[in-house]
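> The following comprises the amino acid sequence and a computationally predicted model.
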Amino acid sequence: MEDRAKIGSVIRQHLEAEQFFAGFSVRGQNDAGEFQEQEDDMAVTRSAGELEKLAEEVRQCRKCGLASSRTNAVPGEGNPDARIMFIGEAPGADEDAQGSPFVGRAGQLLDKIIAACGLERDDVYIGNILKCRPPGNRDPRADEIIACLPYLQRQIELIQPEVIVALGAHAAKTLLDTTKSIGELRGQFHEYYAGLGQMPVKLMATYHPAYLLRSYSPENRRKVWEDMQKVLTELGLPIPERSRR
Ligand code: URA
Ligand code: SF4
């Protein structure tokens, strides 16, 4: 409980400091559509470059104890212009071995969820709260989250997703700075606050695919699918008819 409050205040301080130094960035307004498109393309290229720089920083990072037990850091990957960002908890054994997020069994289920939405992995961005694997897949510790979260905050800032899907309790509670359970949080939109002066980002919390694998009931699958349908509706995307999980 105390840890949670501490994380919250560290996040706020970090954001406030960042805001103070960053000033305001205003997106270009232009009537000439083509020119705007070029500007947008340039912005995406720029953020792709920044994301890669950040990923390299993560691969070198030794800010918490997990640096000494990891094989590979897992910075996250996907479309730098993604409308949806999926955020999990931390890499598992497969992710640690490969350096990519959600590539094990839970990842295969996440791929199915993405496909059921009529999307491909390349359309979205996939990341985690912690970039290095906790030994034995234990829960993330508060000090690790505090050390690592600025990376994810930067990724969200660069990608500017329209919706964040928090996978599981750890991601949802951390991003929403709450102690509520995933059962209470899922199924409705919340707001992720990126910082003062920035638009909040819609956040949908849902069950973690690893939890779904452990409790693969029609009921739980239906709930995740309902959550994802809300995300698609929010984005004005069609809901594929034949999707079954
Ligand atoms: N579980 C997670 O939370 N993240 C991964 O990358 C893989 C499994
Ligand atoms: Fe750095 Fe995050 Fe890895 Fe810790 S978990 S070493 S803070 S990248």
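Everything's here; your move. Ligands and ions are numbered 1, 2, ... in the order given.
> Name the residues of the lengthiest helix in the chain that are buried.
Ranked by residue count, the top helix of the chain under DSSP state H comes out as helix 33-60. For helix 33-60, burial by neighbour count (16 or more other CB atoms under 10 Å) applies to 43, 47, 50-51, 54-55, 58. From N, CA and C alone the C-beta is placed, and that goes for glycine too.
> ditto for stretch 216-228
Buried-residue list, stretch 216-228, by 16+ other CB under 10 Å: 220-221, 223-225, 227-228.
> Same list (those residues) but as JSON lines, adding distance to E241, pLDDT and secondary structure.
Output for the buried residues of stretch 216-228, formatted as JSON lines (distance: CB to CB, whole Å; pLDDT from 0 to 100; DSSP: H, G, I helix; E, B strand; the rest coil):
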{"residue": "N220", "distance to E241": "22", "pLDDT": "97", "secondary structure": "helix"}
{"residue": "R221", "distance to E241": "17", "pLDDT": "96", "secondary structure": "helix"}
{"residue": "K223", "distance to E241": "20", "pLDDT": "98", "secondary structure": "helix"}
{"residue": "V224", "distance to E241": "18", "pLDDT": "98", "secondary structure": "helix"}
{"residue": "W225", "distance to E241": "13", "pLDDT": "98", "secondary structure": "helix"}
{"residue": "D227", "distance to E241": "18", "pLDDT": "98", "secondary structure": "helix"}
{"residue": "M228", "distance to E241": "14", "pLDDT": "98", "secondary structure": "helix"}
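> Nearest to ligand 1 among the residues you listed?
V224 (14.6 Å; CB to the nearest ligand atom).
> show me where the protein has strands.
77-78, 84-88, 125-128, 163-167, 189-192, 201-206 (DSSP state E).
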